[in-house]
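In: Build me a model from this:
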Amino acid sequence: MPTTGKPTWPKTLRTTITALTLTLATALIPQAASAQDSSVMAVSHKSPFNCGKTFYANNWTGTPAHNPSGSIDWQDYGGDDINGETVRATAAGTAYFYDAGSTSYGKWIEIQHSDGTRTRYAHLATQVKSAGSSMTVSQGTVIGTVGSTGGANAPHLHYEQRTSSGAMDTSPTVDGVTVSLGQKKAVTSTNGCGGNPYTAEEVCGSGYSVIDSAALTGGRTYLLYNSGNGYNCVATLKTTSLGTASAVSAFLEPEGENRTTDSGSYDYYAGPVKRSAPGKCVKWGGSVGSSSYTSGFEHCD
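Out: Numbers count the residues shown, from 1 in each chain. Below you'll find the model as predicted:
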């Protein structure tokens with residue numbers, strides 16, 4: 001009768017299987033960032049909130065475990081309710097927009113930075129772009145607002161810093177404050193304190209370059225051109241009353257055609273106003289409050 005029990009494998013095969021099992025297990029377990037990982041956050045990050053805002057950064061542990069371990073939950077501080085707060089990019093890069101619906105991260109964004117590292121912002125109430133979109137962002141660019149979409153129990157901002165290999169940095173640093181596992185620290189934002197977080201190129205989009213601009217009291221209006229499609233674009237960016245709705249406008253008029261204008265009470269800029277004008281002269285300009293600029297017909301080539 002054959003012997004029952006566990007099969008006996010040749011020694012060389014057993015050694016190979018063990019090695020493969022260990023390799024697979026290592027690959028499947030998320031790895032925390034270490035001092036040996038050369039990609040650990042070479043980019044400097046600021047708080048993801050408006051200048052001067054203070055919120056708790058909670059790198060919590062316990063039961064149930066925070067998933068993934070090392071991520072930050074930004075929460076209310078004092079009497080300041082975080083729900084609905086503006087969310088900004090903590091560093092420059094390319095932002096990708098996602099929507100997991102009522103599960104997991106809900107509405108969320110990943111920004112890939114110049115050194116290959118990434119940051120994630122989850123449970124957002126709103127995003128400045130629809131899911132599936134992407135955009136270039138500067139440090140401080142507005143990307144959404146705090147909410148409780150996905151698997152959140154209460155409004156907060158879930159935030160991660162990851163290395164270029166995808167490993168979590170379990171002791172992320174923002175605005176010079178390191179928040180290690182198990183710590184909860186109040187962090188005051190210096191993000192967006194240095195001026196308008198947007199550039200004219202960001203407003204008009206990929207392929208557009210500035211070819212002219214004019215100073216305004218409280219801002220500047222820009223004319224851009226995209227040589228790939230023959231379109232001009234005008235954007236007017238504020239330099240005062242940032243984050244507060246106030247009168248601003250931008251317009252573009254190809255010679256021999258009607259003028260297109262964007263005007264209203266905006267937090268940061270007016271535009272983009274885009275028109276096809278290959279080989280045509282254009283009149284362009286804009287305003288901030290009572291200060292305005294109107295060009296002659298120019299830039300005809």
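
In: Report the secondary structure state of the residue nearest to residue 128 when sequence neighbours are not counted.
Out: Spatial nearest neighbour of residue 128, excluding adjacent residues (Cβ to Cβ, 6 or more residues apart in numbering): residue 143 at 5.6 Å. Using the backbone N, CA and C atoms, a C-beta is placed for each residue, glycine as well. For residue 143, the secondary-structure state derived from DSSP: H, G, I helix; E, B strand; the rest coil is strand.

In: In the stretch 51-200 of the chain, mark out all the helices, start to finish.
Out: 200-204 (DSSP state H, counting those that start in this stretch).

In: Quick one: low-confidence residue ranges for it.
Out: Counting by pLDDT under 70, the stretch 51-200 of the chain has no low-confidence residues at all.

In: who touches the residue nearest to residue 128 in this structure?
Out: 87, 88, 89, 95, 109, 111, 121, 127, 128, 137 (Cβ atoms under 8 Å, 6 or more residues apart in numbering).

In: any idea how far residue 277 is from the fourth one?
Out: So the one you mean is residue 95. Going from residue 95 to residue 277 by Cβ to Cβ, to the nearest Å gives 30 Å.

In: can you check the first one too?
Out: When Cβ to Cβ is the yardstick, residue 87 and residue 277 sit 36 Å from each other.

In: Compare residue 95 and residue 277 (neighbour count), which wins?
Out: More crowded of residue 95 and residue 277, by other Cβ atoms under 10 Å: residue 95, with 23 against 20.

In: Which residues are in contact with the more buried one?
Out: For residue 95, counting by Cβ under 8 Å, 6+ apart, the contacting residues are 89, 109, 110, 111, 129, 134, 135, 136, 137, 141, 143.

In: Same check on residue 45?
Out: 90, 91, 119, 161, 172, 173, 174, 175.

In: To what extent is the spatially closest residue to it that is not a sequence neighbour buried, counted in neighbours?
Out: In space, and not counting its chain neighbours, residue 45 is closest to residue 90: 4.0 Å by Cβ to Cβ, 6+ apart. If you count neighbours by other Cβ under 10 Å, residue 90 ends up with 28.

In: likewise residue 100?
Out: Around residue 100 there are 16 residues (other Cβ under 10 Å).

In: Kindly report the same for residue 114.
Out: 11.

In: From residue 128, how far out is it?
Out: 21 Å.

In: How about residue 255?
Out: In terms of Cβ to Cβ, residue 255 sits 34 Å off from residue 128.

In: More neighbours: those two, which one.
Out: residue 128 (17 against 12).

In: Tabulate the contacts of residue 45 (CSV), appending distance to residue 233.
Out: Shown next, in CSV, are the contacts of residue 45 (distance: Cβ to Cβ, whole Å):
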residue, distance to residue 233
90, 28
91, 26
119, 28
161, 34
172, 36
173, 37
174, 33
175, 34
